[in-house]
Structures are given as structure tokens and as C-alpha cells.
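K.L.:
here is a sequence together with a model predicted from it:
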Amino acid sequence: MQICAERMARAAGRGGDAGLRAPAASPTSARPKACPGVPPPMRLTQYFLPVLKETPAEAQIASHRLMLRAGMIRQASAGIYSWLPLGYRVLRRIETIVHEEQQRAGHIPMLMPTIQSADLWRESGRYDDYGEEMLRLRDRHDRELLYGPTNEELITEIFRTGVASYKELPLTLYHIQWKFRDEIRPRFGVMRGREFLMKDGYNFDLTKDDALHAYNRHMVSYIRTYERMGLKAIPMRADSGPIGGDNTHEFLVLAPTGESGVYYDRAVTDLTLGERAIDYGDRAAVAAICTDWTTPYARTDETHDPALFAALPEARRVEGRGIEVGQIFYFGTKYSEPLKALVSTEEGERVPVHMGSHGIGVSRLVGAIIEASHDDRGIVWPEGVAPFRVGLVNLRQGDGATDAACAALYGELRAAGLDPLYDDRDERAGAKFATMDLIGLPWRITVGPRGLAAGKVELTARRSGETEEMSPAEAVARCTEIYRGH
RNA sequence: CGGGGCGUAGCGCAGCCUGGUAGCGCAUCUGCUUUGGGAGCAGAGGGUCGUAGGUUCGAAUCCUAUCGCCCCGACCA
């Protein structure tokens, strides 16, 4: 508390957001670090962004290379990563979008632990089935524990002791929590880590129909979630695998480096939800959206049916690669029966509930987005997940007029909620541009003495490289407009 | 788990075969010059050579064991 108060006072002492202060007051003064609730100054000289000019040898694919080079992650051990400040920001952006869309669909957030008791898994019969992929632990009393690879058992246990009547249904609970699966061979950075962050949700319904509505709600909310992240993710009929169930779709992001082969009807990539209002309580409307998305042929190599595919007109057949970023299941009473998740019906009968589970690979999405959106200079973040909305580049650090213009613009961008990253390092233009391109901020405002003489700054789109000159006020207005709705 | 490879400065690597002062590039620090796409010059700091044994007058180098990491394969959100 005290430390926080001190930092706040120090921040206030230099003009609130530090916008007008000269860099590095003295070498001995501690850098201000983030306090809860107090956004740290986002000046590059005060941030922690360890970018690499050279590519680390172990990284094989673009997203892994770029995440290491851009100072987003650092490997702690095989398949286990620290999330450095820039990577953590992206992770949080993705998490926030997932939370927002889940709650819009009426699903309730909670948090279950990473460590679970083995007993519960014996009850469901999966303790032995799961095999070596499950990390097993013992505590000091020699009790058997495990690091959760998923949460069906735990959530069902919570449900069965908390819900007894059909009147409390329907119910969908979810959480975003770290999982551990002891992959034989982790690789590709966060795309296939052993520890990963996943949103997993579980629906509890009285009837199969209700549960299928929950399934549809998830499909629609997932489509919207991925759209907001700038991704084209296609639901594809899938195999159920060890989780079980007879109704399941996987969501695949199209990317040439994907692990799965995908076959789909071009028509499916033309579909978008956009800004349309969705009433998640309207079963018919939700089901209709699902029908739109699942009617065109779209399958992975696991479920691909060449004959069906060949029946499509040739111009609409697309073969490619995809990265799985989510999966939804309806599995009926597979867990509620053995785990005795029962509710009383109107007639007073005790019946097992119908369940489904639904996952989004949050940490994997960071890699998947990069795979889908990068070029030879670095990452190109979609607006929805950019770690900073706007990069501000000062081309003549130390020049009074340029510094003042940057400080003023920085303040205005912050005031407008545009979350800028201000490169105030004493570096040459080329180095600053290279860093900005590498970390992939979608919009860059460049301020130099040349343009400033005419009262102009430059606004550059990372994706296209197009640059436009305008006044600082116009630049702020344009960025505000661009980010409206994000 | 089968096959292959690698551990030497923060990163990328050379040195090992043939044992004898631990090197190069980038990064970092200092100074000067430079300043619109990863600057130049001069100087400086930083490494128990993954770890443990062994052989030897002497080990980064040879031998043994062990740990870690990467790649290919079967498996996976």
C-alpha cells in the first residue's frame, strides 16, 4: 500500500501521466512499476521490452520466432513459458474478449484451482484413462493430486452439491485457468505448450434440447469471439476424442502453418456476424445462425469425406491448413451419471443432467493470431487484440519542439483511451521503425521536425504500410474512429 | 517412447578432431561524430565452457555418468 501511494505521488509530481517529463530523471531513481489499478507509463524507456535482433535458434515457426523476438514470452522449460509484459497484454486482451462474449451469452464466470484431487478423477473413471499426459503430484501427506488438464469432474462435483432442482437450470459456468497436459513433445512455442491458458465452460440442462441450445449458444458466441480478434475461424465437424460425446465442432483458424488439413466450401468464409444484435435466449434465431455456419462443407482431415467434398462445385472447394483454437461438445449424461449430478424434475423424479463442455485455447490464440497475421518485418496485430492501440514514434529525441509535440500527443492519446506506446528512446529512426514493425502495433504516429514545421504528423497503417500526413488532432480523431467498437 | 542433434557472455556462433593464456558478431556501458528505415570511430565491462566424476603435470577439448534443450516420428486445446 505504502509503496503504491509513494509511486502515485511520484507520478503526480511529474504531471500526472509523466507526459511532459524529461526522460530518466537520474540513473538511481527506481523505475515506476505497475501498481494494481494504476496504469504504468507506457513510454518505451520505462517499459520492459527485450526485443531481439537475431532469431533464437530453437524457434521453428513464425509465431514462435516473432513472440521471442518481440519480447512477448520467454521459455522457462520445455513447453512452459513466462509471459513478458507485451505478451501478457495480448493475453489479457484475448481473455477480456472471451469474458465479454461469454457473459453476453449468459454464461457465468468463476475460477477453479489448477490442482485437483485424484479421488474425483477415480470416480469418473478417467484417472487411469488419461495416462501419462496428466501430471500427477503428491503432497506432504502423500495424498494424490494432479494438475488439472481439464475440469469436467471438478465442475460436476460443484454442481451436484449446489444444484438439486430443475428450477435452477439452465446453468452454464466457465472459467479461464491454466491447464497442464504433459505432451510427449511440446513444440511451436505457445501453440503446443504443456502449460496453457484455456477458457473452459460447462453447461447443465434438464433436457437434451436445452443442452443443444447451450451448444448452439456456444457456437455463436465463439464465432463472435474469434471475429472480434480479427480471425476467420470456421466451425468444423470434429471427432470427440477422449472427452467423449456425439456432437462436437472444432474451430479452425486458417493459417498455412496449421497442424490440421482443412477442406471447406468457400461459402463459409464469406459469412460474418458483424455488429448484428443477437438474442441468446431466442432458440430459433441462435439455431439459424448455427445452421448458416454448419451447412457449408467444412471438415478437418480427421473427419473429411472426399466424396461429399467432391460434390461441391470446383470453384467453391478450398483445401488448406488450420489451427484449432476451440472446440465445443455435447456429451449428454456421460459425466452426470457416474458423478451423480442429478436434479429433481417437476414430477419429483431424480434425473442426470445433460451436459456439454466448451473450450477456447486462450494462450494458443496468441500464436494462432500471429500465424494468421504477420509479414517479413514482424507481427501485424488485428485492432481487437493489439497490445497497444497506437505506437508513437519521436524521430528526433532531445529536440525541444519534437519532444514537446510528442508529449502533448501522448497525453491526448492517453486521454482518448488509445493506450499508446511512446518510443522515447534515443535511437535513430530506423531502429524505432524496426521495433514498431516487429511488435506489430496496427497504427503508428510518426512525429519529426520536418513534418512538424508544417504542423503535420504521419499516421501509418502497419498492415498496408500506407502513410498519411495530418495534424496531431486529426490523428487522434482518426485513431479514435478506427478503434470505435474495439 | 524410438531415431537424430545441441549445451561455450543476454542473443547468434567459432574453438573440441590434434589437451597448453577462452574468441568473434550483435547487444550492453563511456566518449566523440551522426540522426526519416536496425549509424561510424575509439575505448570498456561481462563467461566456474550444463553438472558430476575420471584420465593427465595440465581438460571447453579425451573418457564415463547425469541433467537440460531442439528436430523427425507416433499422440494432442
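P.N.:
Now that the structure is in, tell me what you want to look at. Numbering: from 1, shown residues only, chains lettered A, B, ... in the order given.
K.L.:
from here on, just use CA atoms for contacts and neighbour counts.
P.N.:
Fine.
K.L.:
so which bits of stretch A:425-442 are buried?
P.N.:
A:Arg425, A:Lys432, A:Phe433, A:Thr435, A:Met436, A:Asp437, A:Leu438, A:Ile439, A:Gly440, A:Leu441, A:Pro442 (16 or more other C-alpha atoms under 10 Å).
K.L.:
how far off centre is that stretch?
P.N.:
Counting by C-alpha atoms, centre = their mean, to the nearest Å, stretch A:425-442 is centred 24 Å from the centre of its parent chain.
K.L.:
contacting residues around that stretch?
P.N.:
A:44-45, A:51, A:66, A:69-70, A:377-383, A:386-391, A:393, A:395-398, A:423, A:444, A:461-463 (C-alpha atoms under 8 Å, 6 or more residues apart in numbering).
K.L.:
kindly recompute the last result at 6 Å.
P.N.:
With contact meaning C-alpha atoms under 6 Å, 6 or more residues apart in numbering, stretch A:425-442 is reached by A:Thr45, A:Ala70, A:Arg377, A:Gly378, A:Ile379, A:Val380, A:Trp381, A:Leu395, A:Gln397, A:Ala461, A:Arg462.
K.L.:
now swap in stretch A:313-333 and tell me
P.N.:
Here stretch A:313-333 makes contact (C-alpha under 6 Å, 6+ apart) with A:245, A:247-256, A:258-266, A:354-361.
K.L.:
contacts with RNA strand B among those residues, please.
P.N.:
Restricting the contacts of stretch A:313-333 to those near RNA strand B by C-alpha under 7 Å from any atom of the strand leaves A:Glu250, A:Glu259, A:Gly359, A:Ile360, A:Gly361.
K.L.:
picking up where we left off before, from the contacts of stretch A:313-333, which land in strands?
P.N.:
Within these, residues falling in strands by DSSP state E are A:247-254, A:260-265, A:354-361.
K.L.:
follow-up on the earlier one: switch the ones next to RNA strand B among the contacts of stretch A:313-333 over to a markdown table; also include pLDDT and neighbour count.
P.N.:
Shown next, in a markdown table, are these (pLDDT from 0 to 100; neighbours: other C-alpha atoms under 10 Å):
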| residue | pLDDT | neighbour count |
| --- | --- | --- |
| A:Glu250 | 94 | 26 |
| A:Glu259 | 85 | 12 |
| A:Gly359 | 96 | 23 |
| A:Ile360 | 97 | 25 |
| A:Gly361 | 96 | 19 |
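K.L.:
now flag whichever of these is closest to RNA strand B.
P.N.:
A:Gly361 (4.4 Å; C-alpha to the nearest atom of the strand).
K.L.:
quick one: that closest one from A:His175, how far?
P.N.:
Relative to A:His175, A:Gly361 is positioned 12 Å away (C-alpha to C-alpha, to the nearest Å).
K.L.:
which of the three states applies to the residue in chain A that RNA strand B sits nearest to?
P.N.:
Residue of chain A nearest RNA strand B, by C-alpha to the nearest atom of the strand: A:Gly430 (2.7 Å). Counting by DSSP: H, G, I helix; E, B strand; the rest coil, the backbone at A:Gly430 sits in helix.
K.L.:
which one is A:Ser409 nearest to, not counting chain neighbours?
P.N.:
Actually, residue A:409 is Leu. It isn't Ser. In space, and not counting its chain neighbours, A:Leu409 is closest to A:Pro472: 6.7 Å by C-alpha to C-alpha, 6 or more residues apart in numbering.
K.L.:
tally of neighbours for that neighbour?
P.N.:
24 (other C-alpha atoms under 10 Å).
K.L.:
need phi/psi at it.
P.N.:
The phi/psi pair for A:Pro472 (degrees, to the nearest 10) reads phi -60, psi -40.
K.L.:
who's A:Asp200 bridged to?
P.N.:
Beta-bridge partners for A:Asp200, by DSSP bridges, are A:His175, A:Gly359.
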